[in-house]
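[1] Okay, predicted coordinates and the sequence, questions at the end:
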Amino acid sequence: MRYLKYNLLLIVAIAFYASPANGQLPASDEKAEVSIYLAKDDGDGKAGDAVSEFGVNDVPIHCVVKLGSPEPATVRMLLVAVKVNGVRSETKVVSASFTTTEGQNEVYFQGKPHKAWVAGVYRADIYLNGTMIKSIEFPIKAAMVAPVSNSFAPVKSKPKSKKKH
């Protein structure tokens, strides 16, 4: 009798965990339907082409999320400082959330500091309906300062010649 209870409990447990009817899609299917990229501003306030790194003066940074379904969904973006001088690791820098309506399948986020970004490594975590679907780590590089060159060079004087009288 004891073995029968144990076997019955084991069968129920296996059936419960193996059942696809637990109310959620597998994470891999949800991820496959979504396209996410980061972009610099195109100059007109819109997202340009996808890039993998930014400069401190790239304000704002755009995050584009294209959903594979026109069904309403809540998309959330967290911009996190990973390794940035003067900022504790895993500090949330920007947080934004948007709920689409029926027929919307694109979400555009912008992240911008008060002035310029602090150089370092950041990460964008993207959530769909409360589940993290993608994490994109990217560097923000310090501005390159062009070396200063002087176009004026000292004129070498010719040695005076000595005349013999």
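    Cool, got the structure.
[2] Please tell me how far L38 sits from G45.
    L38 sits 16 Å away from G45, going by CB to CB, to the nearest Å. C-beta here means a position set from N, CA and C on the backbone, and glycine is covered the same way.
[3] The two: who's more crowded?
    The neighbour comparison of L38 against G45 (other CB atoms under 10 Å) goes to L38, with 21 against 9.
[4] Starting from the host helix or strand of the more buried one, tell me which strands it pairs with and how they run.
    Counting by DSSP states H and E, the element that carries L38 is strand 35-41. If you go by DSSP bridges, strand 35-41 pairs up with strand 47-50 (antiparallel), strand 61-66 (antiparallel).
[5] Which residues does it contact?
    The contact list for strand 35-41 (CB atoms under 8 Å, 6 or more residues apart in numbering) reads 47-52, 54, 58-66, 68, 124, 126, 133-134, 136, 138.
[6] The same query, at a cut-off of 6 Å, please.
    For strand 35-41, the surrounding residues in contact (CB atoms under 6 Å, 6 or more residues apart in numbering) are 47-48, 50-51, 58, 60, 62-66, 126, 134.
[7] Then stretch 75-94?
    Contacts of stretch 75-94 (CB under 6 Å, 6+ apart): 63, 65, 95-98, 107, 109, 111, 118, 120-128.
[8] State the distance from G103 to V121.
    37 Å.
[9] quick one on the thing from earlier: now the strand holding L38: buried residues?
    Under the neighbour-count criterion of 16 or more other CB atoms under 10 Å, strand 35-41 has 36-41 buried.
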